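Asker: Can you look at this prediction? I've put the sequence above it.
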Amino acid sequence: MTLSLSDPTWYPIASSEDLPFRHVYQGQLLGRELAVWRADDGNVNVWENRCLHRGVRLSIGINEGGELKCQYHGWRYANRSAGCTYIPAHPADAPARLIQNRTYPVREAFGLVWSAANDDIPFAPFPGAEAGDWFALRPMPVNAAPEDVLAALAGLAPDDQPADLLPGLAIRSGGTIYFVQPVDAGRAVIRGLLPSQPDAATLRHYNETLSKLRDRLERAAARKPSPAPLQPAFDKVSADLATMPDIPIPRGNTLPVVVRRKWTSADGVIGFELAARDGHLPTFQPGAHIDLHLPNGMIRQYSITNGPGELMSYIIGVKAESASKGGSKVLVDSVREGDVLAISEPRNNFPLRRDATRTVLIAGGIGITPLLSMARFLDKSSLPYELHYFTRAGEQVAFRGELEALHGKVILHTGRPRTEIGSTIAAALGEWSFAQHVYVCGPGPMLETVRATAAAQGWPDESIHFEYFKNDKVIDDSSAFDVELARSAMTLHIPAGKTIMEVMREAGLTVPSSCEQGACGTCLTTVMEGEVDHQDVYLNNSEKASNTCMMTCVSRAKSARLVLDI
């Protein structure tokens, strides 16, 4: 037979025992090196064995349970998807969605881990697989061509029971099944399965038999010309992907999800588990949110609370508000378990740095949702953090079980008088020192208190990270001005009562957006000339003072003309 890099046959590449807790195993198949690792949720990953940054082997990386971390420059990749979740050289940015390692199909069965070069054929057990209590023998590496190894294994069969060839490089000799793992054109691994649990004498017999077979094959191979090794191709990844802004996700691009579970997480907070209909959901980073398309046509944004590598479903928390305009009310009152909804791919305008010496997380009410995800990521990486969660009463603490499972410093502030909240926040923050960061999410007044308190205690703007769920400011849209779009060679007049975004869309331009109220940052645009009238709650004070960017969904111009990099 001729080995092919695109061979769709499934081969065993490791034993289940090769994947102990938090270990990474180097597998090999058809000339490719593979990083094989089991996540804490039991999922086995088979990836191309290289970091996309500098090509360092991921098999020497760190298995953190939900992510695999490269030892060289610390790039992290998510369980299941192999999508990059963190780049230490750019700690303030969420990695572009295009940074994703190559994955290979995987199954675990009969004490072995199986993979293939591609997904062209489904995994199928060997004939008679259901009839035995299979035991995997110790693998036997052989420096010989895989087809020669298979032929030699056929010779082990007794004369009265000739060997049966099975699909792929496999053979049944007596009750034993032998599989030949084609490492390369001139290398293989023999993996055997016994139909029942053996005793020590039986294991010794098989070890001696296969050792003698290996020695004979390698002596014969040494007398032959060495076959040319297989040459797998590797996709190059541009270094620009590490720093480029993520490609905007059009509002029309959606993924179907099933409401697997709906429950009361706390008084006034409903939890929803949104599961993939097939396979896993896209990679996300802590602080990310999704657009959820509701049955009444509305689109609302909800933060993902998941921990690292949890991609089979997203869990969100929804505040049940009696004054809702139809968003949360539809979810709480109308959506049921089993319903199919549409979501966007995750976006992240509230990314978590993991290079801090101290991380302070401050949540108010439903603002716990993005910070819970951050705490879970920090927890898995054994990084120091403090989570302060403010609620009016103990029964309003959302996701209590998940909070109790954290190992970091989690402090619940329940029923604290308004007069004490400011001093409590000040004590939680303390005086700033280098490499400390604070993240806050919750009601507008709380965010303003944290930002003002942090500034008063010496925290610089770049160390204060915040996310508003909505913009409570009264928008003044009474001004009229012109906008020049430098790259589009177009000048538009923005009349009173219309936003820059609305006028650009009327002119036929595709404009990325999400909340359209100046809170999420999706429509962030570079300003080249003119003075901006900032009316958003996304930019910090330094960013607004720089006059170099703006939100086209709510902000306007103080000058008669703006020049935007669009």
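Answerer: Nice, I can see it.

Asker: which intervals of the stretch 101-250 of the chain have sub-threshold pLDDT?
Answerer: 159-160, 236-250 (pLDDT under 70).

Asker: Tell me which stretches of it form helices.
Answerer: With helices called from DSSP state H, counting those that start in this stretch, the stretch 101-250 of the chain shows them at 146-154, 200-222.

Asker: again with the chain
Answerer: 146-154, 200-222, 327-333, 368-380, 400-404, 418-429, 444-456, 500-506, 541-546 (DSSP state H).

Asker: The longest one to helix 146-154, inter-axis angle?
Answerer: Right, helix 200-222. 140 degrees (axes from the mean of the first three to the mean of the last three C-alpha atoms, to 10 degrees).

Asker: what's the spacing between helix 200-222 and its chain's center?
Answerer: Centroid separation between helix 200-222 and its chain, computed with C-alpha atoms, centre = their mean, to the nearest Å, is 44 Å.

Asker: just the fifth one next, same as before
Answerer: Distance of helix 400-404 from the chain centroid (C-alpha atoms, centre = their mean) equals 22 Å.

Asker: can you pull the buried residues of that helix?
Answerer: Glu402, Leu403 (16 or more other C-beta atoms under 10 Å). Using the backbone N, CA and C atoms, a C-beta is placed for each residue, glycine as well.

Asker: quick one, longest strand in this structure?
Answerer: strand 255-266 (DSSP state E).

Asker: got a list of contacts for it?
Answerer: By C-beta atoms under 8 Å, 6 or more residues apart in numbering, the list of residues contacting strand 255-266 from outside reads 270-277, 281-282, 313-314, 317, 335-345, 391, 395-400.

Asker: Give me the mean pLDDT for it.
Answerer: Strand 255-266 shows a mean pLDDT of 97.

Asker: can you check stretch 59-73 too?
Answerer: pLDDT averaged over stretch 59-73 gives 96.

Asker: Can you give me the domain boundaries for the chain?
Answerer: 11-222, 255-343, 358-468, 481-564 (automatic domain parsing).

Asker: Which of the ones you listed sits closest to Gln231?
Answerer: domain 11-222 (6.6 Å; C-beta to C-beta).

Asker: Quick one: end-to-end distance for that closest one.
Answerer: 26 Å (C-alpha to C-alpha, to the nearest Å).

Asker: so how far is it from its chain's centroid?
Answerer: Computed by C-alpha atoms, centre = their mean, the chain-centroid distance of domain 11-222 equals 24 Å.

Asker: mind starting the numbering at 279 from now?
Answerer: That works, and once the first residue is 279, the last one we named lands at domain 289-500.

Asker: Find the nearest non-adjacent residue to the residue most central in space within the chain, please.
Answerer: Per C-alpha atoms, centre = their mean, the C-alpha nearest to the average position across the chain is that of Thr561, at 3.0 Å. Counting by C-beta to C-beta, 6 or more residues apart in numbering, Gly361 is the residue found nearest to Thr561 once chain neighbours are left out, at 2.8 Å.

Asker: Over to Asp426?
Answerer: Leu495 (6.2 Å).

Asker: Tell me if I'm right that that neighbour and Ala430 touch.
Answerer: Yes: the criterion here is C-beta atoms under 8 Å, and Leu495 meets it with Ala430 at 5.6 Å.

Asker: hang on, the earlier thing: now intersect the contacts of strand 533-544 with the strands, please.
Answerer: Using DSSP E, the members of the contacts of strand 533-544 that fall in strands are 548-554, 591-592, 595, 618-621, 669.

Asker: How many residues are close by Val610?
Answerer: 19 (other C-beta atoms under 10 Å).

Asker: In contact with it, which residues are there?
Answerer: So, once contact is read as C-beta under 8 Å, 6+ apart, Val610 ends up touching Ile548, Val596, Ala598.

Asker: 6 Å instead?
Answerer: Applying C-beta atoms under 6 Å, 6 or more residues apart in numbering to Val610 gives the contacts Ile548, Ala598.

Asker: Could you check the pLDDT of it?
Answerer: 91.

Asker: and if you look at Glu794?
Answerer: 88.

Asker: can you count the residues close to it?
Answerer: Glu794 has 20 nearby residues by other C-beta under 10 Å.

Asker: Skip the chain neighbours and tell me the closest residue to it.
Answerer: Cys831 (4.5 Å).

Asker: Please apply the same query to Val461.
Answerer: In space, Val461 comes closest to Gln306 once its chain neighbours are excluded; the distance is 4.5 Å by C-beta to C-beta, 6+ apart.

Asker: Strands of the stretch 729-844 of the chain, residue ranges please.
Answerer: Under the criterion DSSP state E, counting those that start in this stretch, the stretch 729-844 of the chain carries strands at the ranges 742-746, 759-763, 768-772, 802-807, 810-811, 827-829, 834-835, 839-842.

Asker: re the thing from before, out of the ones in strands among the contacts of strand 533-544, which are buried?
Answerer: Ile548, Gly549, Phe550, Glu551, Leu552, Ala554, Ser591, Tyr592, Gly595, Leu619, Ile621, Thr669.

Asker: from what I can see the first one touches Val596, true?
Answerer: In this case it means Ile548. Yes: between Ile548 and Val596 a contact is recorded at 4.9 Å, counting by C-beta atoms under 6 Å.

Asker: Report the buried residues of stretch 304-321.
Answerer: Applying 16+ other C-beta under 10 Å to stretch 304-321 flags 305-318, 321 as buried.
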